[in-house]
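>>> predicted model, plus sequence, below.
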Amino acid sequence: MTGRMEEIKALCVYCGSQKGTDPRYAELARTLGVDLARRGITLIYGAGGIGLMNEVADAVLAAEGQVVGIIPEHLARAEVQHDGLSEIVIVDSMHERKQIMFERADGFVVLPGGLGTLDEFFEILTWRQIGLHDKPVVILDCAGYWAPLKTLLDQVVSQGFAPPSSHDLYHFADSVAQLFDILEAAPEPSLSAPTERF
């Protein structure tokens, strides 16, 4: 079976609207951005001009890559959007934002982030669990930031609230290089995208 990497033209990146306390988080975001541009992969993200969102977008743009931002109108009015993107999509709600990000991406990467990042991760993971998509979902860890999340996901399985096969729905990567190794090894998609949000 061939890998999926040649099918990936756009990756959705979920990450924080803050930079966090460890400078390695921003460094990771920038490294990912440069590599996305180098590989010709479009960044799909929430259009933020702050935090790690800004770091990854600026890195893609500086390396002459493409960035598509999707943002609800109320956040755009609050002046948190990035003003220099390749394309910006203004939507009416957070739900519409997440739906369009899903539709335009061939896979999902989770960088360090807060409650919003966790919300996006768990929703896209749940959609995969119930068969709405089979796009790869990769948690890109940095300095052990997501170790508690891994422990939580293991606990959900060990305590009988999800089958062991749930571990196949996502991957953890310790570096950008490992992220792309995982995407390279991912099987080709076999499900068509849902036409409406569930």
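Good, I have the coordinates.
>>> number of nearby residues for Thr151?
Using other CB atoms under 10 Å, Thr151 has 10 neighbouring residues. C-beta: built from backbone N, CA, C; applies to glycine.
>>> touching the helix or strand containing it from outside, list them.
For Thr151, the host element (DSSP states H and E) is helix 147-158. Residues from elsewhere that reach helix 147-158 (CB atoms under 8 Å, 6 or more residues apart in numbering): 118, 139, 141, 162-164, 166-167, 170, 172.
>>> any idea of the mean pLDDT in it?
For helix 147-158, mean pLDDT is 98.
>>> thinking again about what came up before, which ones among the contacts of helix 147-158 are found in helices?
Taking DSSP state H, the ones among the contacts of helix 147-158 that sit in helices are Leu118.
>>> may I see the PyMOL selection of the buried members of the contacts of helix 147-158?
Remark: buried members of the contacts of helix 147-158, expressed as a PyMOL selection using 16 or more other CB atoms under 10 Å:
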select buried, resi 139+141+166+170+172
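>>> with pLDDT and distance to Val89 added, can I get the contacts of helix 147-158 in TSV?
Output for those, formatted as TSV (pLDDT from 0 to 100; distance: CB to CB, whole Å):
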residue	pLDDT	distance to Val89
Leu118	98	23
Ile139	98	25
Asp141	96	29
Ala162	96	33
Pro163	95	36
Pro164	96	38
Ser166	96	32
His167	96	33
Tyr170	98	26
Phe172	98	30
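>>> and the contacts of helix 147-158, which two are the farthest apart?
Within the contacts of helix 147-158, Asp141 and Pro163 form the most distant pair, 23.7 Å apart (CB to CB).
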